[in-house]
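Chemist: What would the 3D arrangement of this be:
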Amino acid sequence: LHPGWMLALLLLVFAPAAPAAPSAAEKEASRVLIQTFLKCWESGDAATFASLLHPDLVFGYPGGRMGRDALVSLFSEYRRAKKDIKIYFGDVFISDGKKHCINYQFAATDRASGRRFAVGTGVMCELADGKIIGFREYWDTRIPEAQKQGELPLDEGVVTPWPASVWLRKETI
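Modeler: Below is the predicted model of the structure:
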């Protein structure tokens, strides 16, 4: 063999293989798993919620992070403190097979005050062994409080990072 061919052969044998792009079926399965998990907030299905969490889960949110057991506990506490929880999915789902991004709006009514909020969020999610192992949420923490105080509209059901009716007002640009 020519020395150049030998080098090419060695590179093919020992070079790390590029990861294969996920199939449409794999992407869809990931999307369904993540949406099923999120819909548990709405349905109150604690068993399914917990079953979709990997033991080594890291859940990150603005201002903190927690593990699996803390998130399961938070789920129960939150369901007691809030009512009429509704999840609205946006039109974004991006997946490279390892990381998955999805957008949605989370709406709920505080049982004690009766005040409602609806906040759009984006999520970066990672799966392992068919369960959620990494879940990072990105949302503006000021929105729910401003909505509860009547300072911002709910615009419930419209999935945007900021209430849609004030999203691009000329006085805020």
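Chemist: make it CA atoms for all contacts and neighbour counts henceforth
Modeler: OK.
Chemist: Neighbouring strands of the helix or strand hosting E137 in the sheet, and parallel or not?
Modeler: Per DSSP states H and E, E137 falls inside strand 131-138. If you go by DSSP bridges, strand 131-138 pairs up with strand 53-61 (parallel), strand 116-128 (antiparallel).
Chemist: what's it in contact with?
Modeler: The contact list for strand 131-138 (Cα atoms under 8 Å, 6 or more residues apart in numbering) reads 34, 51-62, 121-127.
Chemist: Buried only: go through these for me.
Modeler: Buried members of the contacts of strand 131-138, counted by 16 or more other Cα atoms under 10 Å: 34, 52-54, 57-60, 121-127.
Chemist: how near is the residue positioned nearest the centre of the chain to A70?
Modeler: Compute the mean C-alpha point of the chain, and by Cα atoms, centre = their mean the closest residue is V123, 3.1 Å away. Separation of V123 from A70 (Cα to Cα, to the nearest Å): 19 Å.
Chemist: for A81, same thing?
Modeler: For A81, the distance to A70 - Cα to Cα - is 16 Å.
Chemist: now V158
Modeler: 30 Å.
Chemist: higher neighbour count, the two?
Modeler: Remark: of V158 and A70, V158 carries more neighbours, 19 against 11, as counted by other Cα atoms under 10 Å.
Chemist: Excluding chain neighbours, what is closest to that one?
Modeler: Nearest residue to V158 in three dimensions, chain neighbours excluded: A164, at 6.8 Å (Cα to Cα, 6 or more residues apart in numbering).
Chemist: wait, isn't that neighbour in contact with E156?
Modeler: No - taking contacts as Cα atoms under 8 Å, A164 lies outside contact range of E156: 9.1 Å.
Chemist: quick one: which of those two has more around it?
Modeler: Just comparing A164 and E156: by other Cα under 10 Å the higher neighbour count belongs to E156, 21 against 17.
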